[in-house]
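J.: have a look; sequence and predicted model below, questions after that.
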Amino acid sequence: MKNKRYFDPLTISFTLLIIIGSTITILSRVSKQILIRYDLINTQNTTTNYSLLDLFIGKTNPTTPIIEIAPKAIFNILIIYSVICFYRFMVKSNKGLLFSNYSFRLWNQIKIIYILMSISAVILSLIGLEFLPYVIIYGFVGAIAHSFSKIFKESSIIKSENDLTI
């Protein structure tokens with residue numbers, strides 16, 4: 001049986017670029033904040049306008065409490081992990097494992113990540129931090145991932161039944 005390529009190399013490469021770029025961006029932003037917080041670099045030379053880096057952790061200054069920075073950093077790490085799961089899904093799909101339990105498990109991991117992020121955003125909103133818009137976004141993505149996990153679970157069951165009848 002010939003394996004069909006479900007994702008072209010450009011899509012897979014672009015996803016890998018997003019993973020690497022966002023990881024480097026977050027690590028540079030966090031390391032910069034740590035260096036500023038402990039006065040290891042001069043803060044006068046590090047003032048910048050809003051940039052792509054501020055999208056990941058937000059515009060902070062050295063006096064921003066860690067309780068505001070840490071959840072954003074954790075959420076961004078979990079988003080990177082979910083993109084990595086999607087990347088693994090694309091690679092395994094191209095290897096002919098689209099309708100397998102592996103696809104179901106990957107989408108189930110993505111679903112769990114976004115549901116936990118949504119619940120965490122609700123809790124953080126209740127204690128006064130501004131995470132309420134994230135609840136809707138993370139809940140929506142979690143619902144889509146839940147639907148995909150159910151689809152791939154059913155499709156793997158149907159595929160195994162078809163393989164048994166042949």
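T.: Perfect, I can see it now. What you see is a predicted model, and the numbers here were worked out from it, not measured in a lab.
J.: state which helix of the chain is the longest.
T.: Longest among the helix segments of the chain by residue count, using DSSP state H, is helix 132-165.
J.: list the helices and strands that one packs on?
T.: On a contact count with 3 or more CB pairs under 8 Å, 6 or more residues apart in numbering; DSSP states H and E, helix 132-165 meets helix 101-126. Heads up, the C-betas are built off the backbone N, CA and C, glycines and all.
J.: now the angle from the helix it packs on to helix 132-165?
T.: Angle of helix 101-126 versus helix 132-165, following axes from the mean of the first three to the mean of the last three CA atoms, to 10 degrees, is 160 degrees.
J.: picking that back up, tell me which residues of the longest helix of the chain are tucked away?
T.: Across helix 132-165, burial judged by 16 or more other CB atoms under 10 Å covers 134-135, 138-139, 141-142, 145-146, 148-149, 152-153, 156.
J.: stretch 20-39 too?
T.: Neighbour-count burial for stretch 20-39 [16+ other CB under 10 Å]: Ser22, Thr25, Ile26, Arg29, Val30, Lys32, Gln33, Ile36, Arg37.
J.: which of those fall within helices?
T.: Those of the buried residues of stretch 20-39 lying in helices (DSSP H): Ser22, Thr25, Ile26, Arg29, Val30, Lys32, Gln33, Ile36, Arg37.
J.: let me know the closest of those residues to Val83.
T.: Val83 has its nearest neighbour among those in Ser22, at 7.6 Å by CB to CB.
J.: how far away is the nearest residue to the closest one once chain neighbours are set aside from Val30?
T.: In this structure, Ser22 finds its nearest non-sequential neighbour in Ile80, 5.5 Å apart by CB to CB, 6 or more residues apart in numbering. Applying CB to CB, to the nearest Å, the value for Ile80 to Val30 is 13 Å.
J.: and the next element down the chain from the helix or strand bottoming out on mean pLDDT in the chain?
T.: Lowest on mean pLDDT, DSSP states H and E among the helices and strands of the chain sits helix 53-57, with a mean of 50. Once the chain leaves helix 53-57, the next helix or strand it forms, by DSSP states H and E, is helix 66-94.
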